[in-house]
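S.K.: Sequence plus predicted model, see below.
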Amino acid sequence: MAKTQDFTTVMKDMMGAFPVDTGAMEDAFKTTATLNEKLSSVALEAAEKSAEISSKWTKDTIAKLGDMAKAKAEPADYAKAMTDFASATAEVAAENMAAFAEIAKKVQMDTVELMMAAGKDMSEDAASAMKKATTEVTAAAKKATAK
């Protein structure tokens, strides 16, 4: 009776001839984790600054409402108080919107900078991993053909 060939040994030899470098995967994970940490830092800093602006804006608005709510001697004084409040509110809104725009601009610039740096790092890591893999595969092929 014919005996079937055991492919287990063949597969072990083949897989051993082409080793997988897990270090490249670990480096990629570390690079990604570092990028995520930096991006989170940018987002949290922007959120903190936005919260500060919102809080200050709210406090200023409440203070101005307090001035407007005070009793007036003449009916025309109520109209003037309302006009002053509306004018001051529009001015403060413009200032705060400009501050929010500056935060958004900084976030955008920081994010682009981080992505460019990460792209460069990942390209270098990939090139290094490919060079190492090519060297190992070439050596394994030479070793396999020498047998």
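M.R.: It's in.

S.K.: what ranges do the helices span in this protein?
M.R.: Taking DSSP state H, the helices of the chain run over residues 7-17, 22-69, 75-146.

S.K.: How much space separates His42 from Ile53?
M.R.: Careful, residue 42 is Val; it's not His. 17 Å (Cβ to Cβ, to the nearest Å). C-beta: built from backbone N, CA, C; applies to glycine.

S.K.: Could you find the residue nearest the spatial middle of this protein?
M.R.: For the chain, Leu39 is the residue whose C-alpha lies nearest the centre (Cα atoms, centre = their mean; 2.9 Å).

S.K.: Just give the closest residue to that one, not the sequence neighbours.
M.R.: In space, and not counting its chain neighbours, Leu39 is closest to Leu114: 6.1 Å by Cβ to Cβ, 6 or more residues apart in numbering.

S.K.: Can you get me a residue count around that neighbour?
M.R.: Counted with other Cβ atoms under 10 Å, residues neighbouring Leu114 total 16.

S.K.: so who does it touch?
M.R.: Neighbouring residues of Leu114 by Cβ atoms under 8 Å, 6 or more residues apart in numbering: 35, 38-39, 42.

S.K.: how about a cut-off of 10 Å?
M.R.: Applying Cβ atoms under 10 Å, 6 or more residues apart in numbering to Leu114 gives the contacts 34-35, 38-39, 41-42.

S.K.: Same question for Met82.
M.R.: So Met82 contacts Met68 (Cβ under 10 Å, 6+ apart).

S.K.: Against Ala126, how distant is it?
M.R.: According to Cβ to Cβ, Met82 and Ala126 sit 64 Å apart.

S.K.: Could you do Ala101 as well?
M.R.: 37 Å.

S.K.: and stretch 66-73, what's its mean pLDDT?
M.R.: In this model, stretch 66-73 has a mean pLDDT of 88.

S.K.: Put the alpha carbons of it into CSV.
M.R.: Extracted in CSV, the C-alpha atoms of stretch 66-73 (Å, rounded to 0.1, in the frame of the first residue of the first chain):
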residue,chain,number,x,y,z
GLY,A,66,-27.8,91.8,35.4
ASP,A,67,-27.2,95.4,34.4
MET,A,68,-30.1,95.3,31.9
ALA,A,69,-32.5,93.8,34.5
LYS,A,70,-32.0,96.7,37.0
ALA,A,71,-35.0,99.0,37.5
LYS,A,72,-35.0,102.1,35.4
ALA,A,73,-36.5,105.6,36.2
